[in-house]
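Undergrad: give me a model of this one.
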Amino acid sequence: MGLAEREKSGQTINPSRRWALLRAAWRVADPETPVAKCHRVRRGPLVELRAAEGGAWAEGVVTCGSVWTCAVCAGRRAALRYQLVREGISRWTARIGIGAVYKEAGHEDFRFHTQDCGGYRQGASYLLETRTVRHGLGDSLAELAGAMRAARNWFKGHRRYKEAREIAGAVGTIRSEELTYGWNGWHPHEHELWFCERELAGGTRGLLEWELAELWQEACVRHGLPEPTVQHGYSLQPQEAENAAYVAKWGLPEEIALSVAKVGREGGRSPWELLEAAGKGDQEAGRLWREYAAAQKGARQLHWSRGLKKLLGLEDWKPPAVESATVYVLEAAEWRALCRARETYLEELFQAIPAGREAIWRVVQRALERGQAGDSS
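TA: Below you'll find the predicted structure:
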């Protein structure tokens, strides 16, 4: 399923909704935070509307660049990161190839032998690791997230984890963090994509998963967290990579790179849904969203393990150049009229861009007239 189809189905945030969420952030965020000024403050006297295949944006404005609190900045950055993850998967698959013959393999220091489980076959493969913790209503997000990160660091530094990586032939990982809020409070979870040089047989992978699930339980308890269940606290699942065309789809890479653009799964609300509710007057949702914004300040949304970009030749990678054109130039008073936090002019403006200058002009005129009416009342 492509991005456009996912946006229509509600699985990601469509461009119009991103601007509505930014307006909500202007009202809900603490006034001194960067998102409260994002796109409202101009860098100069004019604002350019630029368009290219697949999107449109404003230039000449201050942007916050936050992947956590600004849906507009997050959308653009997530799309670029998706391209980078997709390129990395494509290069790894092309470089290593896909094996066809299973071979026996063992590891004397581990508590089981892979010969007993079917061994492996040489070739590029991917494992998606997911970790979460048990949580309760009223838990502080900052404390919960901090304890989870400490548990993760202990977990990944343990000998048994390193042995599991060795058995899987993992050469590097990409990690992303996600948060939802539900009946039991904040629900943090992490996804980590393993780039492997061999594909494990199902029995081998299953035993690795069980071993690491038990280790994750120990990590959580050691760092003051309730013990998660083996079934729900940890998973290590294979991801197909049969050819380069598969990894170009909005599937495996999106789970990592576009997590920030997802809406909440069943049973929980994403931070974007909390922000949307807060923008409509839900005070509790606003409090929760501000707690989330404070806890995630400075955190990295996507983390590549050391050396993986170099291994894949991506250290200096840049996305393909996209031709864009200026479709409209706005003066200061026009942009100011469009940026009213309680009006929908920004969404209307970017919806009008494909229709051309006249459609844009009509939106701008409505915003100016509304401003004049408000000044005279």
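
Undergrad: quick check: Asp139 is in a helix.
TA: No - assigned with DSSP: H, G, I helix; E, B strand; the rest coil, Asp139 falls outside any helix and is coil.

Undergrad: right, and it touches Pro188 too?
TA: No - Asp139 lies out of contact with Pro188 (CB atoms under 8 Å); the separation is 9.9 Å. From N, CA and C alone the C-beta is placed, and that goes for glycine too.

Undergrad: where along the stretch 251-377 of the chain do the strands fall?
TA: Counting by DSSP state E, counting those that start in this stretch, the stretch 251-377 of the chain has strands at residues 268-269, 302-304, 324-331.

Undergrad: please identify the deepest-packed of those strands.
TA: strand 268-269 (a mean of 19; mean count of other CB atoms under 10 Å).

Undergrad: what is the mean pLDDT for that strand?
TA: For strand 268-269, mean pLDDT rounds to 83.

Undergrad: select, out of the strands of the stretch 251-377 of the chain, the one closest to Val67.
TA: Among the strands of the stretch 251-377 of the chain, the nearest to Val67 by CB to CB is strand 302-304 (8.1 Å).

Undergrad: hmm, back to that, ranking the strands of the stretch 251-377 of the chain by mean pLDDT, which is last?
TA: strand 268-269 (a mean of 83).

Undergrad: got the contact list for that strand?
TA: Thr180, Tyr181, Gly182, His187, Ala277, Ala285 (CB atoms under 8 Å, 6 or more residues apart in numbering).

Undergrad: what strands flank that strand, and is each parallel or antiparallel?
TA: strand 170-182 (antiparallel) (DSSP bridges).

Undergrad: export the strand it pairs with as PDB, just CAs?
TA: Below are the C-alpha coordinates for strand 170-182, written out as PDB (Å, rounded to 0.1, in the frame of the first residue of the first chain):
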ATOM      1  CA  ALA A 170      23.600  -9.100  12.500                       C
ATOM      2  CA  VAL A 171      26.000  -6.400  11.300                       C
ATOM      3  CA  GLY A 172      24.000  -3.400  12.400                       C
ATOM      4  CA  THR A 173      20.600  -2.100  13.400                       C
ATOM      5  CA  ILE A 174      18.200   0.900  13.000                       C
ATOM      6  CA  ARG A 175      16.000   1.700  16.000                       C
ATOM      7  CA  SER A 176      12.900   3.900  16.300                       C
ATOM      8  CA  GLU A 177      10.800   4.800  19.400                       C
ATOM      9  CA  GLU A 178       7.000   5.100  19.500                       C
ATOM     10  CA  LEU A 179       4.500   6.100  22.200                       C
ATOM     11  CA  THR A 180       0.800   5.700  22.600                       C
ATOM     12  CA  TYR A 181      -1.600   6.500  25.500                       C
ATOM     13  CA  GLY A 182      -4.400   4.200  26.500                       C
END
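
Undergrad: can you map out the strands along the stretch 101-250 of the chain?
TA: 102-103, 120-132, 170-182, 185-200, 234-239.

Undergrad: okay, those strands in a markdown table with mean neighbour count, mean pLDDT and distance to Val61 next?
TA: A markdown table is the format used below for the strands of the stretch 101-250 of the chain (neighbours: other CB atoms under 10 Å; pLDDT from 0 to 100; distance: least, CB to CB, whole Å):
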| stretch | mean neighbour count | mean pLDDT | distance to Val61 |
| --- | --- | --- | --- |
| strand 102-103 | 15 | 46 | 56 |
| strand 120-132 | 20 | 83 | 37 |
| strand 170-182 | 20 | 89 | 28 |
| strand 185-200 | 22 | 89 | 32 |
| strand 234-239 | 18 | 89 | 39 |
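
Undergrad: so which of these gets nearest Gly307?
TA: strand 170-182 (6.4 Å).

Undergrad: run the angle between the closest one and strand 120-132 for me.
TA: 30 degrees (axes from the mean of the first three to the mean of the last three CA atoms, to 10 degrees).
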